[in-house]
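Participant: How does the following fold in three dimensions:
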Amino acid sequence: MTRSQAIALRAEIMGYDKTPLLEGVVVGPIPDGLHDYELAIHMAGVKVIDNKAFGSYQGDAWFYVEFPNGERYFTYASYGSCCVCDAFESTFGYRDADHPDHAHRLASFGRSYLETCYTKEQAIDKAGEHRSWDLGADAVVRWIEETASRHDPGDDVVDLEVES
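Facilitator: Residues are numbered from 1 along each chain as shown. Presented below is the predicted three-dimensional model:
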C-alpha cells in the first residue's frame, strides 16, 4: 500500500475534520508578516507550509498545512473582493487588531477551514471538480502536485506491517 493510499484510507475512516488534532493547542501571539486567511489558519495551531491564491478579485487560496502531530493536509478558503463576498473581511475590520480577544477570534476563524482537510489525492479531486468551466482548475491541481512533491519527497511508499 502506498503512503498516499494509506493516508486516503485513514481520512475516509476518520472523516475530513482535523480539528480534533488541535486539542490542547494554546493560542499564541500574533506573528508579523502573515495576513488574512494564512494568519487565521496559523493562529488555529497549524504550520502553514505553503500557500497560493488562485484568482484575482475573487478565487480560492489553497494551503498545505502541518498539524502538531506531523500530519499534513491541504485545505482552501474561497475569498472575495469586498466585505460582502469575503468571509475574512466581513468578520474582521481594520480596528479589530486592537481588541484583546483578536488572537482567539483569528484562531476560531482559522479552525473553520481545518474542518475540511484533504489528502493530496482528495485535494486534486476537489480542485479539479469544475474543470469543464473553471479555467484555473488545472493550475490548482498542478500546484497541489508540485507542493506535495516539493515538501514530501520520497513519501510515495509506506510499509505497513500487519500483525497476524
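
Participant: what comes up buried for the lengthiest helix in the chain?
Facilitator: Counting residues, the longest helix found in the chain (DSSP state H) is helix 137-151. Using 16 or more other CB atoms under 10 Å as the test for burial, helix 137-151 gives 137, 140, 141, 143, 144, 147, 148. Placement of C-beta: from N, CA and C, glycine included.

Participant: Need the residues you listed in a markdown table (columns: distance to residue 61 and pLDDT).
Facilitator: Formatted as a markdown table, the buried residues of helix 137-151 follow (distance: CB to CB, whole Å; pLDDT from 0 to 100):
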| residue | distance to residue 61 | pLDDT |
| --- | --- | --- |
| 137 | 15 | 92 |
| 140 | 10 | 95 |
| 141 | 15 | 95 |
| 143 | 11 | 96 |
| 144 | 13 | 96 |
| 147 | 13 | 96 |
| 148 | 17 | 94 |
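
Participant: Contact partners for the spatially most central residue of the chain?
Facilitator: In the chain, the residue lying closest to the centroid (CA atoms, centre = their mean) is residue 75, at 2.8 Å. With contacts defined as CB atoms under 8 Å, 6 or more residues apart in numbering, the neighbours of residue 75 are 41, 62, 63, 65, 113, 114, 116, 117, 118.

Participant: count of neighbours near the closest residue to residue 118 other than its chain neighbours?
Facilitator: Closest residue to residue 118 apart from its sequence neighbours, by CB to CB, 6 or more residues apart in numbering: residue 74 at 4.7 Å. Residues lying near residue 74 (other CB atoms under 10 Å) number 27.
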